[in-house]
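J.: Quick one: sequence plus predicted model below, questions after.
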Amino acid sequence: MVSRVIPVDPFDLVVIGGTGDLARRKILPALYRRFCAGQVPDDAQIIGAARTAMDDAGYRDFVGAALDEFAGAAGCEDRARFLSIIGYVTLDVLGDAGWTELAGRLGQDRVQAFYFSVGPSLFGPIAERLQTYGMAGPDTRIVVEKPFGRDLTSARALNTDLARHFDEGQIYRIDHYLGKETVQNLMAIRFGNMLFEPLWNSQYVDHIQITVAETVGVEGRGEYYERAGAMRDMVQNHLMQLLCLIAMEPPSKFDPDAVRDEKLKVIRALDPIAPEDVVRGQYLADGDRPGFREHVGNAESTTESFIALKVRISNWRWAGTPIYLRTGKRLRARTSEIDVVFKDTPHSIFGPEAGRHRNILTIRLQPNEGIDLGVTIKEPGPGGMRLVDVPLDMTFAQALGPDAKDVPDAYERLIMDVVRGNQTLFMRGDEVEAAWAWTDPVIAGWEEAGTAPIPYDTGSAGPEESLALMHRDGRRWREIRA
Ligand code: NDP
Ligand code: BG6
């Protein structure tokens, strides 16, 4: 049911940065899995490009090793057939050698896409050379990775660089959270059911919590992370996208601009964040496991590995209903979920002894993807009308059966969408800029105040102060559990 394969047209996909970590861990395994699923035509071409000198055969060995390490159990009989569509061109994107060879390798009358799997400082030079060497036609597509800038100024500069050579309709800005099946499910749950929409506003919803908790630290990515921190690495993009999907108005149709217009309105309606509505944290060492400061190689680092925020949206639907966001590394469990906490009933016919009961709709994004609706029922047995909250719990794996395990990972979905020419799950330039315009003053706020992140223990729920952020409003975070 869920594994239905829709074949795509023949394509050439050039992975610039084809020898890098992202290519090895995500892009190449994703293409392999789609090939095994029968979605990639035999006459497609996947061409790696980077400075490391290699020929096609050398790159096929490189790709084979990457698949051994990262393609997991997925695979098909005909790995040789997949490797036969792989090629490689040696080039330095800052120089001129190699580009003519690359142009000569591309086929005619087929989709041509260039995946910029390199740091953002190379986006402009690549776009320029694609133009110079005749590869920036009106149907060419380019895919750019996050981080898309580190603030509004740099994001604008990147947009301007790309716009010199490509129209907005050709630019696919990746946020891999949008490729997650359960994140797309947010739209299906909200706009495919009549049940929720009438209640989806500040009249009925007390508050919303969005939690993206990880157990990993920043091992191996210390240099990048020290410059980014949780706000830039997770909130400006992934959590912002979740917030948009949960809060936006229904788009008139499921098409790229209709959806992205509505997301943009949410971002533009976000209030500035007051300093007392932000809690930042940094994980401590745990036995032999180094702490954050050791990982980033800076004993005085003031970068956060955890952040909790209280966000307000100033529009008719959400005025008065705060949204609490939190994300962090080295927390108690790896879990991402959204909790929509409904208001109390206006009057309890059962009297004060029945206690306070609220409906909570939990959308679990990972792991154990599913939804859970907390409802209040009578506690069984004699002894009066006592109430108890029970879950109406559904994991998608249970509901959809064995097919649920075949759900493609985010990169599979997103790369195939590039080939199909569907931008719905990619960020538009104005959306990214609006997200930075909201993020920048929050970061400037703590930089000006000189506040340092609060240490927290590995395996905790972050600093105690993040609990206080909720307690002072008479609310509390849902437990972080696997
Ligand atoms: P790596 O440093 O592992 O890889 C960079 C790639 O770029 C290598 O293939 C390198 O190959 C190539 N490269 C660097 N300079 C040049 C140049 N002048 N000309 C041609 N090729 C060049 O980075 P990642 O793969 O980790 O990341 C790539 C991008 O994706 C970054 O923007 C990163 O932020 C983003 N990203 C990465 C994620 C990940 O999980 N790794 C997750 C999300 C985003 P060579 O040295 O052979 O030239
Ligand atoms: C990346 C961040 O974009 O997303 C990482 O740079 C983070 O720091 C990762 O660990 C989380 O992604 P996922 O798919 O594991 O939830």
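T.: On my side now, so go ahead. Ligands and ions are numbered 1, 2, ... in the order given.

J.: List the residues that contact the closest residue to ligand 1 within the stretch 1-150 of the chain.
T.: Minimum separation of the stretch 1-150 of the chain from ligand 1 (C-beta to the nearest ligand atom) falls at residue 20, amounting to 2.3 Å. (Glycine included, C-beta is placed from N, CA and C.) Contact analysis of residue 20 by C-beta atoms under 8 Å, 6 or more residues apart in numbering lists 50, 117-118.

J.: same question, residue 187
T.: 245, 254, 259.

J.: Kindly recompute the last result at 10 Å.
T.: Going by C-beta atoms under 10 Å, 6 or more residues apart in numbering, residue 187 touches 245-246, 248, 250-251, 254, 259, 424.

J.: Any chance of TSV for the residues you listed, columns pLDDT, neighbour count and distance to ligand 1?
T.: Formatted as TSV, these follow (pLDDT from 0 to 100; neighbours: other C-beta atoms under 10 Å; distance: C-beta to the nearest ligand atom, whole Å):
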residue	pLDDT	neighbour count	distance to ligand 1
245	97	23	20
246	97	20	23
248	97	23	24
250	96	13	30
251	97	18	27
254	93	13	26
259	96	23	22
424	95	16	20
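
J.: For the helix or strand of the chain with the lowest mean pLDDT, list every residue counted as buried.
T.: Across the helices and strands of the chain, mean confidence by mean pLDDT, DSSP states H and E is lowest for helix 396-400: a mean of 75. Across helix 396-400, burial judged by 16 or more other C-beta atoms under 10 Å covers 396-397, 400.

J.: on that earlier part again, confidence score at the residue of the stretch 1-150 of the chain closest to ligand 1?
T.: Model confidence at residue 20, given as pLDDT, is 96.

J.: I'd like to know how far it sits from residue 28.
T.: Distance of residue 20 to residue 28, computed by C-beta to C-beta, to the nearest Å: 10 Å.

J.: okay, and the common contacts of those two?
T.: With C-beta under 10 Å, 6+ apart as the test, residue 20 and residue 28 both reach residue 48.

J.: what does stretch 260-269 contact?
T.: 178, 240-241, 243-252, 255, 257, 312-319, 423-439.

J.: avg pLDDT for the lengthiest helix in the chain?
T.: Using DSSP state H to assign secondary structure, the helix with the most residues in the chain is helix 429-449. Averaged over helix 429-449, pLDDT sits at 96.

J.: Show me what that helix is packed up against.
T.: helix 152-163, strand 171-173, helix 240-247, helix 256-268, strand 278-283, strand 306-311 (3 or more C-beta pairs under 10 Å, 6 or more residues apart in numbering; DSSP states H and E).

J.: mind putting the ones you listed in TSV, distance to residue 89 included?
T.: Listed next are the helices and strands packed on helix 429-449 as TSV, based on distance: least, C-beta to C-beta, whole Å:
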stretch	distance to residue 89
helix 152-163	22
strand 171-173	21
helix 240-247	34
helix 256-268	31
strand 278-283	42
strand 306-311	41
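
J.: can you tell me which residues contact the most centrally placed residue in the chain?
T.: Closest residue to the average C-alpha location of the chain: residue 177 at 2.4 Å, with C-alpha atoms, centre = their mean. Residue 177 makes contact with 146, 183, 212, 234, 237-242, 245, 336, 365-366, 410, 425, according to C-beta under 10 Å, 6+ apart.

J.: Please name whichever of the helices and strands packed on helix 429-449 is nearest to residue 204.
T.: helix 240-247 (14.1 Å; C-beta to C-beta).

J.: how about the residues of the stretch 51-200 of the chain that lie near ligand 1?
T.: By C-beta under 6 Å from any ligand atom, the residues of the stretch 51-200 of the chain that approach ligand 1 are 51-52, 92-94, 117-120, 145-147.

J.: Compare those residues and tell me which has the most neighbours.
T.: Within those, neighbour counts (other C-beta atoms under 10 Å) peak at residue 117, which reaches 26 neighbours.

J.: Look up phi and psi at that one.
T.: Dihedral pair for residue 117: phi -90, psi 60, per degrees, to the nearest 10.

J.: Find the nearest non-adjacent residue to residue 362, please.
T.: residue 372 (4.4 Å; C-beta to C-beta, 6 or more residues apart in numbering).

J.: Pull up the gap between that neighbour and residue 344, please.
T.: Distance from residue 372 to residue 344, by C-beta to C-beta: 20 Å.

J.: quick one, which of the two is more surrounded?
T.: residue 372 (17 against 11).

J.: And that one, which helix or strand is it part of?
T.: strand 370-378 (DSSP states H and E).

J.: can you check residue 415 too?
T.: Residue 415 belongs to helix 410-420, assigned by DSSP H and E.

J.: May I see the buried residues of that helix?
T.: Under 16+ other C-beta under 10 Å, the buried positions of helix 410-420 are 410-419.

J.: hang on, residue 478 is in a strand, isn't it?
T.: No: Residue 478: not assigned to a strand; according to DSSP: H, G, I helix; E, B strand; the rest coil it is coil.

J.: Please list all residues in contact with the nearest residue in space to it that is not next to it in sequence.
T.: Nearest residue to residue 478, sequence neighbours excluded (C-beta to C-beta, 6+ apart): residue 339, at 5.1 Å. Residues counted as contacts of residue 339 (C-beta under 10 Å, 6+ apart) are 207-211, 324, 360-364, 372, 374, 477-478.
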